[in-house]
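Colleague: Sharing a model prediction with you, sequence too.
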Amino acid sequence: MRVIALYFKVSILNELQYRVNFFVQVLQSFLSLVVALGGLVIVFDHTESLNGWTSAELLAVVGVYFIVGGLIGSLIQPSMQMLMEDIRQGTLDFAILKPVDTQLLVSVRQIQLWRLMDVGIGIVLLVIGLTQAGAEITVLELLAFVVMLIAGGIIVYSFWLILATIAFWFIRIDNILQVFQSMYEAGRWPVRIYPPWLQFMLTFLVPVAFAVTVPVEALTGRLTPLSFLGAIALTVLMFTVGRVFWTIGIRAYSGASA
């Protein structure tokens, strides 16, 4: 935890050197918000519900979408992109030689502070959506939501780590990451509204469902015990697979001094 706190502090200091990034992020977040809300307005101009989901509940989905997207953009994506660049340039040696677990180190080295703004926007949208829906959230549902949100974060992190680890064997995998970004856009809507084949892809191939839809299902009373246990099992599996991929990949690394 001290290592994580130290790198978080250093990243904040680095980000504060370029404060114009704050205004760029404000504009980017505003445009993303307009697009997301505009889609909801267009859909609900023609229907009162979408496969059983009301407009207020879908606003809550958009809120979680922004929360998870903000966490990915600020905490996960920057470090994973830095990892791939270090592998390609042979500069990962500087991380390997430090007296700390290398996976931990490469996972927390880079943080984009201003992307946390999306987390704040997401929390506001989530609260507004649940309030408009008149949801009476129990302590158990709130606890399930927090657990599913953490589980979704671990699943997404493990997925990104697996993708980044592929760089040990392939020179450039940027296009794969672009595919993930495109697929994540589908998370603005509940996965259950898509055709079965796309539901399968967004659940098991690209874990959008567990990152966005499942936490909201916990708050709206749609989460079944089977889905809850399945999410926990997938979290353990993905984290284990990610660790195995990393262990195999680091053995194949050949850097400037390796």
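Modeller: That came through fine.

Colleague: So what's the residue count around residue 221?
Modeller: Using other CB atoms under 10 Å, the number of residues around residue 221 comes to 11. C-beta here means a position set from N, CA and C on the backbone, and glycine is covered the same way.

Colleague: and it, helix, strand or coil?
Modeller: When classified by DSSP: H, G, I helix; E, B strand; the rest coil, residue 221 comes out as coil.

Colleague: Contact partners for it?
Modeller: The contact partners of residue 221, by CB atoms under 8 Å, 6 or more residues apart in numbering, come to residue 141.

Colleague: start at 57 instead
Modeller: Will do, 57 is the new start, and the previous item becomes residue 277.

Colleague: State the distance from it to residue 166.
Modeller: 38 Å (CB to CB, to the nearest Å).

Colleague: Next: residue 273.
Modeller: Residue 273 is 32 Å from residue 166, by CB to CB.

Colleague: same question, residue 105
Modeller: Going from residue 105 to residue 166 by CB to CB gives 42 Å.

Colleague: out of these two, which sits in the busier spot?
Modeller: Under the neighbour definition other CB under 10 Å, residue 105 and residue 166 were set side by side, and residue 166 has more, 21 against 11.

Colleague: hang on, the more buried one in a strand?
Modeller: No. Per three-state DSSP, residue 166 lies outside any strand segment and is coil.

Colleague: Got the phi and psi for the nearest residue to it once chain neighbours are set aside?
Modeller: What sits nearest to residue 166 in space, not counting adjacent residues and going by CB to CB, 6 or more residues apart in numbering, is residue 134, at 3.8 Å. For residue 134, the backbone dihedrals (degrees, to the nearest 10) come out as phi -60, psi -40.

Colleague: Show me the shaky parts of the chain.
Modeller: Residue ranges of the chain with pLDDT under 70: 230, 311-314.

Colleague: What count of nearby residues applies to residue 300?
Modeller: By other CB under 10 Å, neighbour count at residue 300 equals 12.

Colleague: Next, the buried residues of the helix or strand hosting it.
Modeller: Taking DSSP states H and E as the definition, residue 300 sits inside helix 281-307. Buried residues in helix 281-307, counted by 16 or more other CB atoms under 10 Å: 283, 284, 287, 290, 291, 294, 295, 298, 301, 302, 305, 306.

Colleague: OK, contacts around the fourth one?
Modeller: Under the criterion of CB under 8 Å, 6+ apart, the contact list for residue 290 reads 207, 211, 263, 266.

Colleague: Buried only: go through those for me.
Modeller: 207, 211, 263, 266.

Colleague: Quick check: phi and psi on residue 109?
Modeller: The phi/psi pair for residue 109 (degrees, to the nearest 10) is phi -100, psi 130.

Colleague: Correct me if wrong: it contacts residue 249.
Modeller: Yes. With contact defined as CB atoms under 8 Å, residue 109 reaches residue 249; the gap is 7.2 Å.

Colleague: What distance do you get for residue 177 to residue 67?
Modeller: In terms of CB to CB, residue 177 sits 21 Å off from residue 67.

Colleague: Can you tell me the element the closest residue to residue 301 other than its chain neighbours falls in?
Modeller: What sits nearest to residue 301 in space, not counting adjacent residues and going by CB to CB, 6+ apart, is residue 221, at 4.5 Å. Counting by DSSP H and E, the element that carries residue 221 is helix 195-221.

Colleague: tell me what that helix is packed against?
Modeller: Packing contacts for helix 195-221, counted by 3 or more CB pairs under 8 Å, 6 or more residues apart in numbering; DSSP states H and E, involve helix 111-127, helix 133-145, helix 158-164, helix 230-240, helix 270-275, helix 281-307.

Colleague: quick one: that helix to chain centroid distance?
Modeller: Computed by CA atoms, centre = their mean, to the nearest Å, the separation of helix 195-221 from the middle of its chain amounts to 8 Å.
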